[in-house]
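Trainee: Here is a sequence together with a model predicted from it:
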Amino acid sequence: MTVVVGVHGIWQQQRGRQQLLAEWGTALGDGLERAGRRAASVALDIAFYGHLFLPDLQGKSAVDDIDLLGEVMPEELADLTDAVLEIDPGADLDDEYTKGAPAIPLPVQRLVRYVDRRFNLPVGALMLGELRQVRRYLCDPQLKAAVDRVVAEIVSGDTRVVVGHSLGTVVVLEYMRQHPGMVFDLLLTLGSPLGLRMIRRYLPDPTFGVAGGKPATVGRWVNVYDPHDAVAAAGGLKQVWSAVEDRIVDNQVDAHNVQRYLSKRVTGDAIAAVLPGTGR
């Protein structure tokens with residue numbers, strides 16, 4: 001019986017479900033302990049789809065697709081630029097070209113360098129890699145169908161809490177749109193890029209759940225983000241879905257790390273509130 005289902009984010013191509021279960025499970029346990037709750041009775045499973053983003057090496061480059069900063073089509077570069085300007089409308093990108101990363105096209109180097117400078121950390125590749133993989137998920141019908149099937153196979157009638165991190169928050173929202181008959185006590189999103197208009201305009205239904213403030217299949221939606229997380233740089237989700245409960249945390253230098261998100265007290269509080277087995 002799976003009560004909590006986790007849906008991971010990007011950069012998991014070389015990992016696997018068992019590895020993520022160990023990491024998510026211990027971090028979630030720490031979050032519940034910090035909330036003063038017991039964690040032993042939480043049944044967790046992970047919808048693992050990272051391998052679906054690996055390149056087909058038959059006739060293709062052996063470079064992992066996770067680098068995501070190779071060839072960029074003009075329309076994709078325009079989207080990435082729009083996203084950077086969305087988080088900082090006053091950004092001056094004209095003087096942001098750099099050298100030293102020959103595998104990265106110069107226009108993308110400009111964006112990476114700007115994001116690095118804005119956050120005072122080397123997070124530009126993470127942010128742009130995230131946006132490229134989210135875009136690929138939403139724009140590649142075959143890939144999207146494969147990812148969606150993985151989630152549908154893991155979520156069951158016993159699932160009460162769905163936790164999405166990073167790209168996983170987009171995947172989770174799509175699952176709920178496609179399965180209106182499934183009801184959950186809690187949707188927990190961590191480090192979500194859904195605040196970006198650039199992401200939402202590629203959703204099959206950009207207005208899904210907006211009228212009611214959240215998907216009708218969810219009793220409660222808690223969104224946890226670090227303002228220094230470049231992936232969640234657009235801020236909270238309440239600005240789009242009015243019923244969302246935004247919670248701000250400080251993950252310090254590794255702001256997008258899922259284990260840091262899971263181990264926070266606000267995360268433990270949100271899960272414990274809907275799972276009686278994690279009582280004090």
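Mentor: Happy to help now that I have it.
Trainee: Please make it C-alpha for all contacts and neighbour counts, starting now.
Mentor: Will do.
Trainee: my guess is Arg265 meets Leu32, correct?
Mentor: Yes. Under the criterion of Cα atoms under 8 Å, Arg265 makes contact with Leu32 at 6.8 Å.
Trainee: Which one's more surrounded, the two?
Mentor: Per other Cα atoms under 10 Å, whichever of Arg265 and Leu32 has more neighbours is Leu32, with 29 against 19.
Trainee: For the residue nearest to that one when sequence neighbours are not counted, grab the count of nearby residues.
Mentor: Excluding the flanking residues, the one nearest Leu32 by Cα to Cα, 6 or more residues apart in numbering is Gly268, at 4.1 Å. Neighbour count of Gly268, defined by other Cα under 10 Å: 26.
Trainee: pLDDT (mean, whole number) over the host helix or strand of Gly268?
Mentor: Gly268 belongs to helix 265-272 when elements are defined using DSSP states H and E. Throughout helix 265-272, pLDDT has a mean value of 96.
Trainee: cool, stretch 129-144 as well?
Mentor: The predicted confidence, averaged over stretch 129-144, sits at 90.
Trainee: Could you pull out the buried residues of it?
Mentor: Residues of stretch 129-144 classed as buried: Gly129, Glu130, Leu131, Arg132, Gln133, Val134, Arg135, Arg136, Tyr137, Leu138, Lys144 (neighbour count, 16 or more other Cα atoms under 10 Å).
Trainee: quick one: the first one from Glu76, how far?
Mentor: Here the criterion is Cα to Cα, to the nearest Å. By it, Gly129 lies 12 Å from Glu76.
Trainee: ranges for the strands of the stretch 151-280 of the chain?
Mentor: Along the stretch 151-280 of the chain, the segments classed as strands by DSSP state E, counting those that start in this stretch run 161-165, 184-190, 218-225, 245-248.
Trainee: Can you say which of those is nearest to Gly235?
Mentor: strand 218-225 (7.5 Å; Cα to Cα).
Trainee: Does Arg135 lie in a helix or a strand, and which?
Mentor: Using DSSP H and E, Arg135 sits in helix 124-139.
Trainee: What of Gln19?
Mentor: helix 17-34.
Trainee: After that helix, which helix or strand is next?
Mentor: Next element after helix 17-34 (DSSP H and E): strand 44-47.
Trainee: Show me what that following strand packs onto, helices and strands only.
Mentor: strand 4-7, helix 17-34, helix 141-154 (3 or more Cα pairs under 8 Å, 6 or more residues apart in numbering; DSSP states H and E).
Trainee: which stretches of the stretch 51-200 of the chain aren't confidently modelled?
Mentor: The model of the stretch 51-200 of the chain has pLDDT under 70 over residues 56-71, 92-108, 110, 121-123.
Trainee: Next, the contact list for the residue lying closest to Val151 once chain neighbours are set aside, please.
Mentor: Sequence neighbours aside, Ala47 is the residue nearest to Val151 in space, at 5.3 Å (criterion: Cα to Cα, 6+ apart). Counting by Cα atoms under 8 Å, 6 or more residues apart in numbering, Ala47 makes contact with Val5, Gly6, Val7, His8, Arg17, Val150, Val151, Ile154.
Trainee: can you check Leu80 too?
Mentor: Taking Cα under 8 Å, 6+ apart, one finds Leu128, Leu131, Arg132 in contact with Leu80.
Trainee: mind checking how far it is from Met73?
Mentor: Distance of Leu80 to Met73, computed by Cα to Cα: 11 Å.
Trainee: what do you get for Ser192?
Mentor: 25 Å.
Trainee: I'd like the strands of the stretch 151-280 of the chain as TSV, with mean neighbour count and distance to Ala22 appended.
Mentor: Converted to TSV, the strands of the stretch 151-280 of the chain look like this (neighbours: other Cα atoms under 10 Å; distance: least, Cα to Cα, whole Å):
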stretch	mean neighbour count	distance to Ala22
strand 161-165	25	15
strand 184-190	24	18
strand 218-225	22	21
strand 245-248	15	25
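Trainee: circling back to that earlier point, same list, the contacts of Ala47, but as CSV with distance to Gly219 and neighbour count please.
Mentor: CSV is the format used below for the contacts of Ala47 (distance: Cα to Cα, whole Å; neighbours: other Cα atoms under 10 Å):
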residue, distance to Gly219, neighbour count
Val5, 16, 21
Gly6, 17, 27
Val7, 19, 25
His8, 22, 26
Arg17, 27, 15
Val150, 23, 15
Val151, 20, 21
Ile154, 20, 16
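Trainee: Could you dump the residues you listed into a markdown table with distance to Glu86 added?
Mentor: Converted to a markdown table, the contacts of Ala47 look like this (distance: Cα to Cα, whole Å):
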| residue | distance to Glu86 |
| --- | --- |
| Val5 | 31 |
| Gly6 | 29 |
| Val7 | 26 |
| His8 | 25 |
| Arg17 | 34 |
| Val150 | 32 |
| Val151 | 30 |
| Ile154 | 35 |
